[in-house]
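> What follows is a predicted protein model with its sequence.
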Amino acid sequence: MTNHAHSKAYSGQHGALPGIHRLLWQSSTLMLGVVLFTFSFAAHLAAHQTSPSGAAQSALESHFRAAEQAKREKDFATAEREYRAVLVLKPDFAEVHMNLGLLYQLQNRSVEAISEFESAVRIKPTLTGANFFLGVNYTQLGEGAKAIPFLQAAIHAEPQRPDFWRWLATAQEISGQLQAEILTLHTALELQPSDIDLLYLLGNAYERLGKQEVAHLQKIAPGSSRSEQLLAESYASTNEWPSAALHFQNALAASPNQPGLHVKLGEVFLHADKVNKAAREFEQELQRDPENLRALVRHGEAKLILGDVDGAVLDWEKALAVDPEQTERILGLRESGFGDSALEQLPEGIRTKIQALAASLENRNSNAAHLALAFIAEQNGNTSQAATELKHAGSFARLSPQPEKCSESAVNLLLQNQQFSRLSQCAGSLAPSRMSTASRFRVTDALLEAGQSNTALKILGVLPPADSHSAEAAYWRARCYEKLATASYLQLYQADPNSFRLHQLMGDLEEAKSNDGKAIEEYRAAVALKPSAPNLHYSLGHLLWKDLKIPEARVELEAELTLNPRHSGALNDLGDTYLLEHQPDKALPYLLKSLQADPANPNIHRDLGTAYSGLGDNRKAEEHFKIAIATDQDGSVHYKLARVYQALGEKEKAAKEFAVSTALNQKSHEKLEKQTQQLEKATKFAEEQ
């Protein structure tokens with residue numbers, strides 16, 4: 001799998017309700033229900049100081065057996081009556097309260113189910129099933145913080161249950177505890193390392209953390225070199241070379257002396273089959289820093305492609321002398337964690353061209369010549385030959401020994417010499433608290449180069465408070481999260497390349513690139529494989545609605561609501577389909593339910609304002625528009641509010657809102673003009689040779 005299966009950390013997506021795992025709920029209910037409906041009366045009674053008389057015990061057992069029989073026959077009314085009869089005789093029977101709650105749950109009577117589960121936990125706080133299902137119910141209601149203690153209690157009793165950990169992760173996601181969610185998912189993956197659901201959720205969690213860092217960076221340093229670089233790297237990871245080149249050029253314009261920017265831009269040119277331009281960028285980087293390892297390796301690659309075998313071998317001999325392991329990583333010949341380790345194949349024409357150079361290299365008995373032969377073999381899919389050539393290159397025999405000491409001075413020397421592999425061997429014994437902030441950022445960069453994203457993130461985690469919120473820190477954290485998300489997604493691919501989760505991921509990626517047609521195809525494939533999976537029908541329906549395929553969109557959105565009646569995104573989109581058709585009376589019920597599930601979403605308030613305005617209820621429209629204007633980017637909400645004030649006869653307020661709307665609209669047009677200019681530049685890039 002190539003490097004396109006990456007994190008969407010820097011791409012805007014539609015707002016979806018966090019993943020309420022309806023499917024997990026169904027499977028857990030059936031499985032745990034069977035286990036927990038059956039228990040020993042004798043064991044229960046022995047645990048209590050007082051036991052009922054023989055006749056009372058016989059009545060208890062009789063009612064309980066009748067309840068179980070009715071439950072098996074799906075005669076829920078009789079089962080409920082019999083469980084209630086047990087509780088009349090013994091009100092503190094925690095397990096029966098729990099079983100009655102499960103019975104209500106099977107009938108979608110969640111309020112009554114919660115009441116019984118709460119009764120069970122009050123009587124017996126350690127009752128695993130009641131704790132678990134309380135957690136599940138509160139999670140489904142969107143009350144993640146309330147669910148967490150119950151799920152943690154269930155996990156404490158049965159820590160080997162992966163489904164318990166999944167639900168805890170979901171509750172943490174809903175409550176915004178992303179760091180805790182990641183720890184939970186990692187624990188669950190220790191139990192099930194190849195679980196595609198856990199891997200997908202872990203990738204998404206890292207993405208959300210990355211998005212937070214991106215938002216922070218754009219807030220404190222908009223248009224800065226690091227902001228532009230982050231955008232460029234995001235586009236590069238999706239093979240969108242024109243946009244990547246444009247933003248790298250913007251980054252260079254903002255900070256011409258920023259290390260590494262020329263080589264990054266050169267890599268974009270290289271992958272876009274603009275080899276001469278790539279070579280010039282590598283040369284500019286080497287003029288600034290003659291020891292830059294990545295620039296040296298890529299410069300050799302460009303020379304090889306241009307047919308300068310002697311120049312390529314010379315560059316690669318120098319690179320191998322500095323850090324053979326990292327040289328191989330840069331060329332895609334060595335695993336480096338994930339992400340950058342994936343083979344970045346060159347265009348087919350270039351691969352054919354360099355294959356013809358193999359003969360001239362075979363008679364050269366040097367490490368660099370064997371490295372070049374390994375690179376050519378790997379590019380053409382001959383991995384066994386590549387491995388053989390690497391052994392001949394002797395790089396495996398020259399693994400860098402670990403330094404005797406990993407002091408700050410030793411680390412700085414390794415950084416200065418660009419010996420990233422030896423530095424990564426120091427990772428476990430580094431003492432970042434004794435490093436300067438500048439050194440920590442340099443170490444972070446080196447560890448990311450060496451594929452050690454987790455360790456890099458730990459280095460950033462001990463920054464002084466004053467530096468922790470800086471633009472530089474936000475940039476490096478975002479890069480770490482992007483790498484970690486990529487790692488999760490590549491593990492997902494390796495676990496099952498034909499899974500519904502992989503199709504869902506590819507749909508997410510295509511949607512992030514605004515390739516709606518391809519995204520719809522991927523989501524359809526995912527739905528076909530697992531129609532009961534949460535959020536799939538919504539993702540498909542949202543794009544169909546976006547493309548104004550209203551009847552098809554409604555089918556998918558209704559399907560999502562069958563799985564999760566509280567899915568805010570599906571409810572919102574359904575309401576909007578009716579607003580589009582000027583049917584505010586039909587839109588309103590969906591929008592009100594959507595607001596209940598996601599009360600802080602300004603877009604729902606905007607749409608409710610539109611619905612109330614269409615129904616002539618201008619005061620309610622005003623109420624919702626005033627909430628929605630906080631995120632108005634183009635003046636459209638202010639304009640609608642102005643029209644409401646006009647209808648109410650409040651001319652001064654209307655004039656004020658019209659003025660704000662006009663100003664925002666002008667800014668929006670200016671921004672659009674800049675985007676158009678950037679698109680023209682990107683188009684020109686694609687046409688240039």
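Cool, the structure landed.
> how about Ser514, phi and psi?
When quoted as degrees, to the nearest 10, the phi and psi of Ser514 stand at phi 70, psi 20.
> What's the separation between it and Glu552?
19 Å (CB to CB, to the nearest Å). C-beta: built from backbone N, CA, C; applies to glycine.
> When the two are compared, which one has more neighbours?
Ranked by neighbour count (other CB atoms under 10 Å), Ser514 and Glu552 place Glu552 first, with 15 against 9.
> Nearest residue to the middle of the protein?
Nearest to the geometric centre of the chain sits Asn204, at 1.9 Å (CA atoms, centre = their mean).
> Quick check: buried residues in the one helix or strand Thr577 maps to?
Thr577 belongs to helix 568-580 when assigned by DSSP states H and E. Under the neighbour-count criterion of 16 or more other CB atoms under 10 Å, helix 568-580 has 568-579 buried.
> distance of Ala70 from Leu595?
Distance from Ala70 to Leu595, by CB to CB: 40 Å.
> just the strands in the protein please.
Under the criterion DSSP state E, the chain carries no strands.
> looking only at pLDDT, what's the mean for the biggest helix by length in it?
Ranked by number of residues, the top helix in the chain under DSSP state H is helix 651-687. What helix 651-687 shows for mean pLDDT is 82.
> sorry, back to before: and the buried residues of helix 568-580, which is the shakiest by pLDDT?
Ser568 (91).
> my read: that residue touches Leu591, true?
No: counting by CB atoms under 8 Å, Ser568 sits too far from Leu591 to count as a contact (10.1 Å).
> Can you work out which residues contact both of these two?
Residues touching both Ser568 and Leu591 (CB atoms under 8 Å, 6 or more residues apart in numbering) are Ile604.
> what's the domain layout of the protein?
According to automatic domain parsing, the chain comprises the domains 21-141, 555-687.
> Give me the distance from the longest one to the chain's centre.
Put plainly, it is domain 555-687. With CA atoms, centre = their mean, to the nearest Å as the basis, domain 555-687 stands 26 Å off its chain's centre.
> For Phe658, which non-adjacent residue is spatially closest?
Ala642 (4.5 Å; CB to CB, 6 or more residues apart in numbering).
> So the one you found sits against Lys651, correct?
No: Ala642 lies out of contact with Lys651 (CB under 8 Å); the separation is 10.1 Å.
> May I have stretch 632-643 exported as CSV, CA atoms only?
C-alpha atoms of stretch 632-643 as CSV (Å, rounded to 0.1, in the frame of the first residue of the first chain):
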residue,chain,number,x,y,z
ASP,A,632,-20.9,33.1,10.1
GLN,A,633,-18.0,33.3,7.6
ASP,A,634,-19.7,34.8,4.5
GLY,A,635,-22.4,37.0,6.0
SER,A,636,-25.3,34.7,5.1
VAL,A,637,-26.6,34.3,8.6
HIS,A,638,-26.4,38.0,9.4
TYR,A,639,-28.4,38.6,6.2
LYS,A,640,-31.1,36.2,7.3
LEU,A,641,-31.2,37.8,10.7
ALA,A,642,-31.5,41.2,9.0
ARG,A,643,-34.5,39.9,7.0
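> in that stretch, what's buried?
Applying 16+ other CB under 10 Å to stretch 632-643 flags 632, 634-643 as buried.
> how about Gly635, phi and psi?
phi 90, psi 0.
> what sits against it?
Gly635 neighbours (CB under 8 Å, 6+ apart): 660-665, 668.
> Need the buried ones from these selected in ChimeraX.
In ChimeraX, this line selects whichever of these come out buried by 16+ other CB under 10 Å:
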select :660,661,664,665
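> between the contacts of Gly635, which is nearest Leu536?
Ser668 (33.2 Å; CB to CB).
> you'd agree that closest one is up against His638?
No: counting by CB under 8 Å, Ser668 stays clear of His638, with 11.6 Å between them.
> right, and out of the contacts of Gly635, which lies closest to Gln345?
Ser668 (40.0 Å).
> Skipping its backbone neighbours, what lies nearest that closest one in space?
Asp634 (3.9 Å).
> circling back: okay, and which of the buried residues of stretch 632-643 map to helices?
Those of the buried residues of stretch 632-643 lying in helices (DSSP H): 636-643.
> Would you mind giving those as TSV with pLDDT and distance to Leu199 added?
Listed next are those as TSV, based on pLDDT from 0 to 100; distance: CB to CB, whole Å:
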residue	pLDDT	distance to Leu199
Ser636	94	39
Val637	95	39
His638	96	43
Tyr639	96	45
Lys640	96	43
Leu641	96	45
Ala642	96	49
Arg643	96	48
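> gap between Ser62 and Leu103?
Ser62 is 18 Å from Leu103, by CB to CB.
> Over to Tyr523?
From Tyr523 to Leu103 the distance is 36 Å (CB to CB).
> From the contact counts, what lies against the helix holding Thr577?
helix 536-546, helix 550-563, helix 584-597, helix 602-614 (3 or more CB pairs under 8 Å, 6 or more residues apart in numbering; DSSP states H and E).
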